[in-house]
Every structure is written in structure tokens, then in C-alpha cells.
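Trainee: pasted the sequence and its predicted model underneath.
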Amino acid sequence: MAASTAADDALQGLKALVKSSTDLISQLESFLHSIAVNKAAEEAAPPSSSTTEAVDPLFLAHDSATLIKAHTTKLSLLIINEPFTPSAVSKVLRELVAGPIPALASAVQICDADKYTVVARQDLAWRSYRVLKELRSLVEIIPLNGKVLPNAQKNGSRADKGSMAATGVIWAACDDVILLKRLGFAGLLVKKVEEYRDTLKDVLEELKEYSEEVDEDEDDDGSNGADYAQVGEANNIVDQMQNTHISTQEMLDDLMNPRAIPRDDPDKIRERLESCLKRLRLTTLLYAAIVKRRLKNLPPLPTSPETPVAQRLDEVFPLLKRLPHRFGEVACAFYELDRDAIDRAMDSCFFDAFAASEMLMKPWDGQRDEFTDWAEKFQVGIKKPD
């Protein structure tokens, strides 16, 4: 009888603990998400002690994620293996709630944007948010009936990924946080700029391929060729209308194919394209130079107020992030052969590229270095590549 009462009490205690744990995780999720999406007014922050202020946020996040990963493994095994022991599950859950869960949120809190950049703060917040979001999903399926999870909940089904898969997702999310300690703040910024540069290179390759296309609809042999082409095109349309097996994808492909530059090129589209390609190549070189001469030489953060490194980075990063998207808009304008849109989009891109080089013209400490000399030449080229 006493044993039965103790087991019931343990189960009731587990129920209360699961409820309070999910409430806490949800609150911290909201806090982290507000930072990750850069809301002007952040949710109420978790309390932090004076001892955490002197801690490197990436080190604290690393240790917290490591503990969460280990405790998740224990929790995952306890809820699928007989006998189900509520007290053992409660112990692991209490350790999570008392230590690594709030510590992970504290790591983001002390990753102050003025010291470590908005970019790093948002990135850490997003990775930490994913950890807590996935962890909450696992905590919510802890069985409260005194039995281990059935196979359907363990292995998953169409509607549910299952506890085993959920555990793997948490591990992956924790690994993303753990990675930041090895990268460091400079490494994180380098990784982001290299990703932006890769996107720019993709746009460059697309535009190079587009520049090599020839308008096959125009024929230099005279009007007969044009007439035959029109007849052939009309017959082709009729055949398509009669063919009920044309797939939606084929129709979409036809619509999405870019229009080739006409041979006579009355709007001088090809001239603009060649100019764009030269300056886009220059812009990819700018990204590589920023990585090599500025980010890989980044002084340890935080820096002194006399050297506002974080502020300079937060000024330039929105431009570096935006440029690949802007060049994508340039490509779309070329595909539409829209001369005015091309001019507007190119002006916007090259203004941003010029501004980015200007913001990083000076080294972190001092007035000039090799990058300064290179950036001055870059600015001449970006204004007039020819």
C-alpha cells in the first residue's frame, strides 16, 4: 500500500514538473525568438547574476548545449525502456530546468549587441531557440500514465516524428550551438560573409550563362525565315492545345525561361549585361577581401569603447546580406529585358557595394593598410568598370 502511494505521489510530482518545465521553456522560447527576429521590444529576460557578465557567451552556450544534449539522451532512454520510473525522469528534468535550460537563455542575454554585434546575438538566439523548441516537444510527450511510450510514439508515425527522431533533432540543434565556441565570433562572421559571397557567385554564373544565349527566333536570312518561324510557332501552339497530356511543370518551365537578348539589341541590354558582369565579379572580390583583411583580423570581442568594432560591423552587415538579393533582382530585370528596371537595380547594387567598401576602408586600429589601397581601386572600378 505504501509503495503504491509512493508511486502515485511520484507520478503526480512528475505531472506537475512537466507542466512547470514546459511553461518555463515556452517563456524562454519567446524571449529568444524575440531576439532572433530582432523585435524592437524584447520579451522579459531571464534573471542573470553578476558572475555571468564576465563569462564568454559562446562558452556558456557551448556548456549549456552540451549538458542539454546529455540530459536529453537520458530522458529519451527513460521514457522508452521498462520499467518506467517517474522519480528518475523527474530527476533528469529538474537538472535540466535548474541548470542548462536557463543558462542557455542567459548566454544569449549576455551576448550584448554593443559588445558582440547584432549579427552574433541574433544567430546565437536563433540556434538556442531551436534547441529549446525541440526540447519542449520532447518534454511534452513524457508519458504521465506510469507506462513507457508505445512503439508508435517511440518510432513515429505519419502525424508524429516519434521520440527517437525528436532526440536526434535536439542533438543536431545542440551541435549547432556547440559549434559556435569553435568558430568564435570572427569565425561566425566569416562564415556568414562566405555564404553571401557564394550566393553572389551563383548569380554571377547564371548571368554568365544568360550572356551566352542567342536569340534563336530571329533569322538573318530575311522575311521568309521569319514567316516560316511564325508558322512553325503557330503549329506548335495548336499541337500543345490539342495535347491534353502537357504537364503543369512543362507550362511553368515555358513561362520561366528568360527571354534571350535580341540580335539587334535596341535597348543595349548586352552592353549593360557586360558592365554588370564586370562589376559583379568585383563585388565577389570585395567579399573575399573583407573576409581576408577585415574579419580574419578581427580583434577579440568585446573591444574598448575607443575601438567601436561591433558598431562598424553592424553598420556594414545589412549591406553585405542585402547585396545577393539585390543582384538577384538585377538578374530578373535582365531576363525580362526591362532596361529601366536593369538601370535602377544596378545603381542600387553598386551604390551598396561602394558603401560597404567605404565602411570598412580603415583598419580596426589605424588609418590605412593593404585593404585600404585595394578598396580605393575597387571604388574606381565599381563606378566605371570599363
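Mentor: Happy to help now that I have it. Numbers count the residues shown, from 1 in each chain.
Trainee: I'd like the average pLDDT over the longest helix seen in the chain.
Mentor: Using DSSP state H, we find that the single longest helix of the chain is helix 162-211. The pLDDT scores in helix 162-211 average 96.
Trainee: cool, and stretch 58-74?
Mentor: For stretch 58-74, mean pLDDT rounds to 97.
Trainee: ok now the longest helix of the chain, how far from the chain's centre?
Mentor: The chain centre lies 7 Å from the centre of helix 162-211; the measure is Cα atoms, centre = their mean, to the nearest Å.
Trainee: show me what it is packed against.
Mentor: Judged by 3 or more Cβ pairs under 8 Å, 6 or more residues apart in numbering; DSSP states H and E, helix 162-211 is in contact with helix 57-78, helix 118-140, helix 151-155, helix 269-290, helix 309-335. Placement of C-beta: from N, CA and C, glycine included.
Trainee: what stretches of this structure score poorly on pLDDT?
Mentor: For the chain, applying pLDDT under 70 flags the ranges 1-4, 40-53, 158-159, 214-257, 385-386.
Trainee: could you rerun that using 50?
Mentor: 1, 41, 49-50, 218-231, 234, 237-238, 241, 244-246, 251-255 (pLDDT under 50).
Trainee: before we move on, the earlier item: could you give the angle of the longest helix of the chain to helix 57-78?
Mentor: With axes from the mean of the first three to the mean of the last three Cα atoms, to 10 degrees as the basis, helix 162-211 and helix 57-78 are set at 130 degrees to each other.
Trainee: and the angle for helix 162-211 with helix 269-290?
Mentor: With the same axes, to 10 degrees applied, the angle from helix 162-211 to helix 269-290 works out at 130 degrees.
Trainee: in TSV: the helices and strands packed on helix 162-211, plus mean neighbour count.
Mentor: Shown next, in TSV, are those (neighbours: other Cβ atoms under 10 Å):
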stretch	mean neighbour count
helix 57-78	20
helix 118-140	22
helix 151-155	15
helix 269-290	19
helix 309-335	19
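Trainee: for residue 33, which of those helices is the nearest?
Mentor: Comparing the helices and strands packed on helix 162-211 against residue 33 with Cβ to Cβ, the closest turns out to be helix 118-140 (5.2 Å).
Trainee: packing partners of the closest one?
Mentor: On a contact count with 3+ Cβ pairs under 8 Å, 6+ apart, helix 118-140 meets helix 2-36, helix 57-78, helix 100-110, helix 162-211, helix 309-335.
Trainee: redo these as CSV? Include distance to residue 296.
Mentor: As requested, those are exported to CSV (distance: least, Cβ to Cβ, whole Å):
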stretch, distance to residue 296
helix 2-36, 26
helix 57-78, 18
helix 100-110, 25
helix 162-211, 6
helix 309-335, 13
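Trainee: which among those is found nearest to residue 94?
Mentor: Closest of the helices and strands packed on helix 118-140 to residue 94 is helix 2-36, at 6.8 Å (criterion: Cβ to Cβ).
Trainee: tell me the angle of the closest one relative to helix 100-110?
Mentor: 20 degrees.
Trainee: now helix 2-36: buried residues?
Mentor: Residues of helix 2-36 classed as buried by neighbour count (16 or more other Cβ atoms under 10 Å): 10-11, 14, 17-18, 21-22, 24-25, 28-29, 31-36.
Trainee: kindly report the same for stretch 174-192.
Mentor: So stretch 174-192, judged by 16+ other Cβ under 10 Å, has buried residues 174, 176-181, 184-190, 192.
Trainee: contact partners of it?
Mentor: Here stretch 174-192 makes contact (Cβ atoms under 8 Å, 6 or more residues apart in numbering) with 58-59, 61-62, 64-66, 68-69, 72, 104, 116-117, 119-120, 123-124, 127-128, 130-131, 291, 295-296, 298, 301, 313, 317, 321.
Trainee: how about stretch 100-117?
Mentor: 24-25, 28, 31-32, 35, 45-46, 48, 52-53, 55, 57-58, 60-61, 63-65, 67-68, 71, 120-121, 124-125, 128, 131-132, 135, 177, 185, 189, 301-302, 310-311, 313-314, 317.
Trainee: go again using 7 Å as the cut-off
Mentor: 24-25, 28, 31-32, 35, 45-46, 48, 52-53, 55, 57, 60-61, 64-65, 67-68, 71, 120-121, 124-125, 128, 131-132, 185, 301-302, 310, 313-314 (Cβ atoms under 7 Å, 6 or more residues apart in numbering).
Trainee: CA atoms of stretch 183-191 as CSV?
Mentor: Extracted as CSV, the C-alpha positions of stretch 183-191 are listed here (Å, rounded to 0.1, in the frame of the first residue of the first chain):
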residue,chain,number,x,y,z
LEU,A,183,34.1,29.2,-34.7
GLY,A,184,34.3,32.1,-32.3
PHE,A,185,32.8,35.5,-33.2
ALA,A,186,35.2,36.2,-36.0
GLY,A,187,34.6,32.7,-37.5
LEU,A,188,30.8,33.1,-37.3
LEU,A,189,31.0,36.4,-39.2
VAL,A,190,33.4,34.9,-41.8
LYS,A,191,31.0,32.0,-42.3
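Trainee: for residue 143, grab the count of nearby residues.
Mentor: Residue 143 has 20 neighbouring residues, counting by other Cβ atoms under 10 Å.
Trainee: now do the same contact list for the nearest residue to it once chain neighbours are set aside.
Mentor: In this structure, residue 143 finds its nearest non-sequential neighbour in residue 149, 5.6 Å apart by Cβ to Cβ, 6 or more residues apart in numbering. Counting by Cβ under 7 Å, 6+ apart, residue 149 touches 79, 80, 141, 143, 163.
Trainee: identify whichever of the helices and strands packed on helix 118-140 lies nearest to residue 362.
Mentor: Between residue 362 and the helices and strands packed on helix 118-140, the tightest spacing by Cβ to Cβ is seen for helix 309-335, at 8.9 Å.
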